[in-house]
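K.L.:
Fold the following and give me the result.
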Amino acid sequence: MFSVLAYFLANKPQIMDETLIKEVEIRIKPTFASDRSYILSKAQEKAFLKQDQFKDWKIVKRSIDARQSQPLYVFRIAFYRAPISDANNLSKLKKVTSNKKAIVIGAGPAGYFAALKLIELGIKPLVFERGKEVQRRRRDLKAIQQDGVVDPDSNYCFGEGGAGTYSDGKLYTRSHKRGKIKDILQLLVDHGATEEIKIDAHPHIGSNKLPKIVENIRHSILALGGEIHFDAAMTDIIIKDEQVKGVVINDEKEILAPAVVLATGHSARDIFYLLDSKKVNLEFKPFAIGVRIEHPQQIIDQIQYGQKQREENLPAASYSLASQVNGRGVFSFCMCPGGLVVPAATAPGEIVVNGMSLSRRDSPFANAGTVTEIHEKHLTEFTEDKAFKGLSLQQSIEQKMFEHGDGTQKAPAQKLTDFVDRKLSSTLSESSYIPGLIPARLDHILPKSIYLSLREGVLDFGKKMKGYFTEQANVIGTESRTSSPIKIPRNKDNFMNDQLSGLFPCGEGGGYAGGIVSAALDGQNVAKAVADFLE
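P.N.:
Down below sits the predicted model:
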């Protein structure tokens with residue numbers, strides 16, 4: 001299930017380091033996975049190198065191969081003829097002194113990495129975030145968890161760090177053509193992440209550690225001459241002669257600048273309506289909707305590792321599943337081993353769930369979104385403007401989920417076996433979801449086509465992973481914020497909207513990213529385009 005060779009082939013160095021002597025791949029038992037002396041000795045043996053034949057070495061990649069009865073760690077080790085050091089990318093940044101400035105709307109990964117790149121390019125970023133800084137944001141997360149109170153501007157999606165801060169900090173991406181992923185990872189390390197994220201095949205940081213890293217990024221932006229404003233929602237865009245001149249914050253304050261980076265995230269519905277009111281063409285974007293399925297972690301460990309009790313040095317096992325149901329994709333999404341299910345609504349009167357895990361991934365539960373593709377052809381019942389049909393579907397399901405609850409953030413749920421059998425669960429299995437679960441017929445809440453696709457999908461998943469299909473798993477509604485259902489068009493060459501000069505849609509909210517790293521890369525690319533525009 002862990003594809004080691006494919007990952008290494010996809011990530012092999014494109015430019016050979018002239019100090020590099022040799023790279024070797026070794027496989028070792030989990031017992032020795034933390035023993036650097038043992039790893040070095042095994043690598044030297046494989047490379048036929050004595051101690052005096054190299055000056056330095058490092059672990060390039062680390063993953064797990066669980067395809068055999070004994071799971072093994074797979075290390076790729078590089079040996080060098082000269083001492084090596086990883087560059088600190090912060091050292092490249094100098095305080096902004098020019099009069100050039102650009103507005104950045106949103107302090108998620110796209111917005112913050114755009115701001116850092118603008119600084120590097122000599123442009124002062126003015127960052128405006130509708131939510132609160134990461135520490136104050138915690139109080140609003142506690143309110144939604146324990147009291148069911150949703151603050152529309154500060155929740156699991158909105159606030160400093162964006163949705164990524166509280167969704168595990170998964171850093172795996174296939175967006176290798178967008179830019180240098182290693183630079184994104186290095187910047188995260190520079191701001192407090194562990195070096196391990198640079199070597200793991202599927203790196204993650206953990207929602208307990210991300211807040212401090214996000215806070216450190218803020219301090220860097222401020223120290224380097226940028227500005228960051230919280231509780232500062234963009235409520236209007238100032239336009240003259242089809243050119244952006246600035247924005248209005250909180251309905252009262254005008255901020256003028258010739259370029260606006262729109263990095264508002266996948267859930268900022270008010271921004272789509274604002275752009276629509278300005279006659280900006282918007283496009284429907286395919287997305288996915290479904291549920292979040294939570295298993296006891298021990299079941300997933302046993303399936304993946306073949307061990308009744310997971311070996312001490314093995315991490316909580318994960319999975320990635322996909323199926324085709326009548327030509328429609330059904331797949332697992334944002335899998336959180338040793339994780340928690342959390343309430344991710346952004347407005348009162350809706351139920352949305354997401355997954356996260358802490359750095360240790362030591363929760364007794366494993367959860368993953370299980371979703372099905374939504375294309376325009378699936379939305380014939382909606383009469384709204386084409387671009388908004390997906391958003392309308394998304395919103396209607398979230399509201400129906402809420403209506404089947406008790407007026408709080410308790411989420412409708414079924415046992416997995418009852419979900420397939422279309423039965424109301426008399427009891428539910430234990431869950432990590434703090435607001436609590438309410439037994440409900442999800443086939444009565446979800447649109448028929450979505451339910452049927454999910455039903456057939458999980459049955460197929462059960463065939464692919466023996467033990468997955470169990471009454472010990474809960475199906476929780478609804479996983480609906482996988483990505484934005486709307487795309488804000490931009491020119492592929494200059495990253496700017498063709499209708500409004502100076503408007504740069506960016507990240508997940510624009511429809512151009514799908515995770516922390518891809519959003520950060522898009523932020524950097526947009527910042528470069530802004531610099532070209534301001535020349």
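
K.L.:
mind checking pLDDT for Asn88?
P.N.:
At Asn88, the model reports a pLDDT of 79.

K.L.:
Could you pull up the residues touching it?
P.N.:
Counting by C-beta atoms under 8 Å, 6 or more residues apart in numbering, Asn88 makes contact with 186, 190. For glycine as for every other residue, the C-beta is placed from the backbone atoms N, C-alpha and C.

K.L.:
How much space separates it from Leu72?
P.N.:
Using C-beta to C-beta, to the nearest Å, Asn88 is found at 33 Å from Leu72.

K.L.:
distance between the ends of stretch 370-379?
P.N.:
End-to-end distance of stretch 370-379: 20 Å, with C-alpha to C-alpha, to the nearest Å as the criterion.

K.L.:
Now do the buried residues in that stretch.
P.N.:
370-374, 378-379 (16 or more other C-beta atoms under 10 Å).

K.L.:
How about residues contacting that stretch?
P.N.:
So stretch 370-379 is contacted by 284, 286-293, 325, 328-333, 386, 389-390, 393, 449-450, 453-454, 457-458, 461, 475, 479, 482, 485 (C-beta under 8 Å, 6+ apart).

K.L.:
Please narrow those residues to those residing in helices.
P.N.:
Counted as lying in helices by DSSP state H, out of the contacts of stretch 370-379, are 389-390, 393, 449-450, 453-454, 457-458, 461.

K.L.:
which of the residues you listed lies closest to Glu215?
P.N.:
Glu215 has its nearest neighbour among these in Gly390, at 34.2 Å by C-beta to C-beta.

K.L.:
Surely that closest one touches Thr482?
P.N.:
No. The pair Gly390 / Thr482 is not scored as a contact, 11.2 Å apart, by C-beta atoms under 8 Å.

K.L.:
Between these two, which has more neighbouring residues?
P.N.:
Shown here are Gly390 and Thr482; by other C-beta atoms under 10 Å, Gly390 has more neighbours (25 against 22).

K.L.:
on that earlier part again, quick check: neighbours shared by Gly390 and Thr482?
P.N.:
Phe287.

K.L.:
Per the annotation, how does the chain divide into domains?
P.N.:
Per the record, the chain has its domains at 4-80, 97-282+486-534, 286-479, by automatic domain parsing.

K.L.:
export these to CSV and tack on mean pLDDT?
P.N.:
Output for the domains of the chain, formatted as CSV (pLDDT from 0 to 100):
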stretch, mean pLDDT
domain 4-80, 87
domain 97-282+486-534, 95
domain 286-479, 95
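
K.L.:
Okay, and the beta partners of Gly339?
P.N.:
When assigned by DSSP bridges, Gly339 has beta-bridge partners Ser357.

K.L.:
does it really touch Ser363, like I thought?
P.N.:
Yes. Counting by C-beta under 8 Å, Gly339 does reach Ser363; the two are 5.6 Å apart.

K.L.:
Of the two, give the one with the bigger neighbour count.
P.N.:
Using other C-beta under 10 Å as the criterion, Gly339 and Ser363 rank with Gly339 on top: 28 against 19.

K.L.:
hang on, the earlier thing: need the overlap of contacts for Gly339 and Ser363.
P.N.:
Shared contacts of Gly339 and Ser363 (C-beta under 8 Å, 6+ apart): 357, 432.

K.L.:
in the sheet, who's paired with the nearest residue to Glu227 once chain neighbours are set aside?
P.N.:
Nearest non-adjacent residue to Glu227, counting by C-beta to C-beta, 6 or more residues apart in numbering: Leu126, 4.9 Å away. Assessed by DSSP bridges, Leu126 has beta-bridge partners Ile103, Glu227.

K.L.:
pretty sure Leu126 is touching Ile105, no?
P.N.:
No. Counting by C-beta under 8 Å, Leu126 stays clear of Ile105, with 9.5 Å between them.

K.L.:
Just want to know which of these two has more residues nearby.
P.N.:
Ile105 (27 against 24).

K.L.:
My guess is that one contacts Ala257. True?
P.N.:
No. Ile105 is beyond contact range of Ala257, at 11.0 Å (criterion: C-beta under 8 Å).
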